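Colleague: below are the sequence and a predicted model; questions follow.
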There are 2 protein chains.
Amino acid sequence: MTIKDIAKACGVSVSTVSRVLNNHPDVSQSVRERVQAMVESSGYIPNNSARDLVRTQSDAIGVVVRGRGNLFFSAMVKTISREIDSLGYTMVLHFIESDDDEVMAGAILEREKKLRGLLFLGGRFDYSAETLAPIGVPFVCCTYTNCFGTLSDSDYSSVSVDDYQTAYRAVKTLIDLGHRRIAVVLPDCADRSISELRYKGYRAALRDSGIPFDADLLVETEGCFEMPETYAGASRLIESGADFTAVFTLSDTTAMAAMKALEDHGRRVPEDCSVIAIDGISVSEYVNPTLTTMVQPVEEMGRESVHILADMIEQRCSSRHLRLEARLRAGGSVRQI
Amino acid sequence: MTIKDIAKACGVSVSTVSRVLNNHPDVSQSVRERVQAMVESSGYIPNNSARDLVRTQSDAIGVVVRGRGNLFFSAMVKTISREIDSLGYTMVLHFIESDDDEVMAGAILEREKKLRGLLFLGGRFDYSAETLAPIGVPFVCCTYTNCFGTLSDSDYSSVSVDDYQTAYRAVKTLIDLGHRRIAVVLPDCADRSISELRYKGYRAALRDSGIPFDADLLVETEGCFEMPETYAGASRLIESGADFTAVFTLSDTTAMAAMKALEDHGRRVPEDCSVIAIDGISVSEYVNPTLTTMVQPVEEMGRESVHILADMIEQRCSSRHLRLEARLRAGGSVRQI
DNA sequence: ATCGTTTCCGGGAACGTTTCCAGTTCTTTT
DNA sequence: AAAAGAACTGGAAACGTTCCCGGAAACGAT
């Protein structure tokens, strides 16, 4: 079943059918309808390979998600899938570990074949212009604020939430409620660059409130926002005997791990210790107590990422850098002191 | 940069380069090496569209995930991504709502173009042989036990966990610990067919232990394993004044919603009420109390699904039906009575 | 030396589209 | 009524591969 069969069945040329299929003008209404009816009834579907070949482009958008246990970006993939589908593109997805960069590069280049655009989610985006340029397709990066590498702004687009601000406001929330001794659990993945700005936001909020930084209240954990490592780290913190009334964690899942560690050590949340986080994934509303967290607009981030990429692909814009805001969702994991 | 350029640069024909590229015999060692070196140094990448066109097949495997809030199958996608990549295929992913079947069919057919195989994850797989046959590619279905529709076994492959058995064992676990009044929260999505076997397992476990079924302990919730609806349903159950010492939920996330409802109504888990579930997603180890759940082998399911599909694509097998087992992971949400 | 066989290589058709170009018909303008 | 333009249509080249087929060279056996 090819375009030729349709043409023959309608008594028109292949060109005409192609025009109908692609909504080109220059075809009479009657013929157009006849062809459309035939296409409809026959269930004919154009061969994409042939299309791509002659157009020298495909309808595939590559999406690369870094980081294994990242529920936030995993959730975003659902929105992205939907948007990509509705725009008529096709999503080619790669989940990759945060550490194996060769796979990353491979995933990109191997598929360079004929992708229309690339979307990076999470993790560090530490590719040089030299690496990315030859790929020759637009890309949008949706990740932590300071993880955009050394590229110049015009080389790519981005969608992000201001990590510094978000962290600042989270910690400020605690301070406003009377907390002075606020611990922080920091993943050290990718040389800590992912958590760097959130950490700086934490430090800034303390400083602006005249609270001295106490290194005893900082615990670094291996891995990249992994729950087991966070649980272990939080446990170390508690067992160190450090004195704190609240914990700031950088993601909802790590907050859950920290809460678990606290409770397993007999510290009740929020009575004995408050917990605040960043993300706003759905399950965080159903833990006990409900997590107080800075909700990042995951759907908007996903939607905008795709739209910006589509705009770049279709030449409607060259590059954009969209900065969105998180909002505080008060749960039960934080209390006044 | 095409195969012609390589051929010209090497002073050989296009055919020869193609043979080298595809590891065909009938090319001398010296020429082979020369061409390979040239391919290597030039960074030439064959045009996939042209390849697909002439081979009338692509390297794309379609993955369709049904159900919006389904963390279990979302988690499986990561494993699947990895397996597909490592086998040299490309994953084309569609997340779709469980209710809009047109989209479903569209997602399949629209991409029918040249997929090598299809992988269905979650939800009902209620497509007739007539719908699926014209797609003409092998497919593997990884979902709830009884959700395979009316197809004959040889028409497709499947990977699943015996829902009846799993539910039976979960409920039996409660019974063995002394529970007699066991409530169940049942999503009514897709005419309840998704939850049907788990429900039957529940009923059977009661029956085999001589415990009469009490309709007051059954609550049906709208949606498909959604947390808000489950929370509402569990709340209704509690407020109805029904007398129960344990709740059986069909997934980890619904268990979390049920636990939340219990605690919000002043019922402590597990002191006042035990909770047991099915899934074993990662966060369920970090809620408070840790969820006691029937862990489904998510990684194995994902891996095997891909491998079976690859076997079908590469004609190593026609169809297989793999049935895996869940195992109980004892957490803190269940106690002896 | 002849003949078959093997090994290697190139020519060219084919895959199913899109799109340029030229041609035909229809409409409008002068 | 003729010319000019617009509207529509078909032919055919092109996209970059794969792979069949036929031919050339090399080799071994008679």
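Modeller: Thanks, I have the structure now.
Colleague: which SS class is the nearest residue to residue A:144 once chain neighbours are set aside?
Modeller: The shortest distance from residue A:144 to any non-neighbouring residue, by CB to CB, 6 or more residues apart in numbering or on different chains, is to residue A:194 (5.0 Å). In short, each C-beta sits where N, CA and C put it, glycine included. Classification of residue A:194 by DSSP: H, G, I helix; E, B strand; the rest coil places it in helix.
Colleague: from residue A:186, how far out is residue A:194?
Modeller: 10 Å (CB to CB, to the nearest Å).
Colleague: more neighbours: the two, which one.
Modeller: Neighbour totals were compared for residue A:194 and residue A:186, and residue A:194 leads with 28 against 22 (other CB atoms under 10 Å in any protein chain shown).
Colleague: that one: what's it in contact with?
Modeller: Residues in contact with residue A:194 (CB atoms under 8 Å, 6 or more residues apart in numbering or on different chains) are A:123-124, A:144, A:147, A:187, A:224.
Colleague: list the helices and strands the helix or strand where residue A:237 lies packs on?
Modeller: Residue A:237 belongs to helix A:227-239 when assigned by DSSP states H and E. Judged by 3 or more CB pairs under 8 Å, 6 or more residues apart in numbering or on different chains; DSSP states H and E, helix A:227-239 is in contact with strand A:182-187, strand A:218-221, strand A:246-249, helix A:252-264.
Colleague: from DNA strand C, how far out is the closest residue to residue A:72 other than its chain neighbours?
Modeller: Of all residues not flanking residue A:72 in the chain, residue A:279 sits nearest, at 4.9 Å (CB to CB, 6+ apart). Distance, residue A:279 to DNA strand C, by CB to the nearest atom of the strand, to the nearest Å: 43 Å.
Colleague: likewise residue A:222?
Modeller: 51 Å.
Colleague: shouldn't that residue be in contact with residue A:185?
Modeller: No: using CB atoms under 8 Å, residue A:222 makes no contact with residue A:185, being 11.7 Å away.
Colleague: quick one, which of the two is more surrounded?
Modeller: residue A:185 (30 against 13).
Colleague: nearest spatial neighbour of the more buried one, skipping sequence neighbours?
Modeller: Nearest one to residue A:185, counting by CB to CB, 6+ apart, is residue A:249 at 4.9 Å.
Colleague: repeat that for residue A:223.
Modeller: Residue A:223's closest residue in space is residue A:229 (CB to CB, 6+ apart), at 4.1 Å.
Colleague: what's near enough to touch that neighbour?
Modeller: Counting by CB under 8 Å, 6+ apart, residue A:229 makes contact with A:187, A:221-223.
Colleague: again, but for residue A:32
Modeller: Contacts of residue A:32 (CB under 8 Å, 6+ apart): residue A:20.
Colleague: ok but it is inside a helix, no?
Modeller: Yes: Residue A:32 sits within a helix when classified using three-state DSSP.
Colleague: pull the contacting residues for residue A:205.
Modeller: By CB under 8 Å, 6+ apart, residue A:205 lies in contact with A:167-172, A:175.
Colleague: got those residues as CSV, with secondary structure, neighbour count and distance to DNA strand D columns?
Modeller: Below are the contacts of residue A:205 laid out as CSV (DSSP: H, G, I helix; E, B strand; the rest coil; neighbours: other CB atoms under 10 Å in any protein chain shown; distance: CB to the nearest atom of the strand, whole Å):
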residue, secondary structure, neighbour count, distance to DNA strand D
A:167, helix, 28, 48
A:168, helix, 22, 51
A:169, helix, 20, 52
A:170, helix, 27, 51
A:171, helix, 26, 54
A:172, helix, 18, 56
A:175, helix, 18, 60
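Colleague: tabulate those residues (a markdown table), appending pLDDT and distance to chain B.
Modeller: Below are those laid out as a markdown table (pLDDT from 0 to 100; distance: CB to the nearest CB, whole Å):
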| residue | pLDDT | distance to chain B |
| --- | --- | --- |
| A:167 | 96 | 22 |
| A:168 | 97 | 26 |
| A:169 | 97 | 25 |
| A:170 | 97 | 20 |
| A:171 | 97 | 23 |
| A:172 | 97 | 27 |
| A:175 | 97 | 26 |
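Colleague: how is chain A divided into domains?
Modeller: Listed by automatic domain parsing, the domain ranges of chain A are A:3-46, A:58-161+A:297-324, A:164-296.
Colleague: coming back round to it: which among the helices and strands packed on helix A:227-239 is found nearest to residue B:52?
Modeller: Nearest to residue B:52, of all the helices and strands packed on helix A:227-239, is helix A:252-264, at 39.7 Å by CB to CB.
Colleague: before we move on, the earlier item: and for residue A:194 and residue A:186, which residues touch both?
Modeller: By CB under 8 Å, 6+ apart, no residue touches both residue A:194 and residue A:186.
Colleague: perfect, that will be all.
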